[in-house]
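S.K.: dropping a prediction and its sequence here:
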Amino acid sequence: MAEIINKNDFVEIKYTGYANGEIFDSNIEEDMKKLSPNVKPNKTIIAVGHEMVVKGLDNFLVKKEIGKEYSLVLKPSEAFGERRRELIKTIPLNAFREKNFSPAPGMVVTLDNLMAKIIAVSGGRVIVDFNNPLAGKEITYTFTIIRKISDEKEKAEALFEVFFKFIPQFEIKDKILVKRAKGLEIFVSSFNEKFKELIGKEIILEEDKGLEGKIEEKSEQKNV
């Protein structure tokens, strides 16, 4: 009997997503070539039940079998949300010119750390759409759960990819020991609780580990 997946399990999935009958995302090589011939697929490892994929797909993974191919259709509310009129903004053209940028309809830009599409440029105004490009669309996914992940290092790498957007140098002992680097403190403070919840280990920056060792050593010397 095939193994069944439950909430909090870490799994690797192979998937392809379709909108309006066309592929918009995949980690299957033959499907990815339809999007970009030179892009190579990456492994996708997620913790089930923690919305590391769209909500509808995340919910659907529970109680599914490893190795079986599935297909599901998601309403916008279960995928990338409904289109919202309030997310279409009018921005003065001067705000772009001050940054030496000339906006044009169809451009995709980053504004205030948000992706947006320029809809129109008229006179001194720029109409910008902050809706997800897939908002309001019915989404179809085909996917297979390849395997369940038990290795702690793979689990940690998956969480770093999702939450940090990169994998720092680290090792796993009774805690996740991460080599200190500029800017890491904010990531650690933001996501440490999530690591403890999903892996059962907290993140300690490498310099903190050394300090902890010195404190323990002094304590032992006093007790001799």
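M.R.: Arrived safely, thanks for sending.
S.K.: domain ranges for the protein?
M.R.: Using automatic domain parsing, the domain ranges for the chain come out as 1-81+134-149, 85-129, 151-224.
S.K.: give me the mean pLDDT for stretch 32-44.
M.R.: Averaging pLDDT along stretch 32-44 gives 88.
S.K.: so what touches that stretch?
M.R.: Residues external to stretch 32-44 that are found in contact with it (CB atoms under 8 Å, 6 or more residues apart in numbering): 12, 13, 14, 15, 23, 24, 25, 26, 27, 28, 29. Glycine gets a C-beta too; all of them are placed from N, C-alpha and C.
S.K.: residue contacts, the fourth one?
M.R.: I take that to be residue 15. By CB under 8 Å, 6+ apart, the contact list for residue 15 reads 25, 26, 27, 28, 44, 57, 141, 142, 143, 144.
S.K.: that one sits in which helix or strand?
M.R.: strand 10-19 (DSSP states H and E).
S.K.: what are the C-alpha coordinates of that strand, in CSV please?
M.R.: Below are the C-alpha coordinates for strand 10-19, written out as CSV (Å, rounded to 0.1, in the frame of the first residue of the first chain):
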residue,chain,number,x,y,z
PHE,A,10,8.0,17.5,4.1
VAL,A,11,7.6,16.2,0.5
GLU,A,12,9.2,16.7,-2.9
ILE,A,13,6.7,17.4,-5.7
LYS,A,14,6.8,17.5,-9.5
TYR,A,15,4.1,19.8,-10.9
THR,A,16,2.9,21.9,-13.8
GLY,A,17,0.5,24.8,-13.5
TYR,A,18,-1.9,26.0,-16.2
ALA,A,19,-3.9,29.2,-16.7
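S.K.: and that strand, which strands flank it?
M.R.: Its sheet considered, strand 10-19 pairs with strand 22-26 (antiparallel), strand 45-47 (antiparallel), strand 139-149 (antiparallel) by DSSP bridges.
S.K.: ok so, going back, winner for burial among the domains of the chain?
M.R.: For these, the largest average neighbour count (mean count of other CB atoms under 10 Å) is found in domain 1-81+134-149, namely a mean of 16.
S.K.: can you tell me which of the domains of the chain the model trusts least?
M.R.: In terms of mean pLDDT, the lowest-scoring of these is domain 151-224 (a mean of 82).
S.K.: tell me the SS of residue 187?
M.R.: Secondary structure, DSSP: H, G, I helix; E, B strand; the rest coil: residue 187 is helix.
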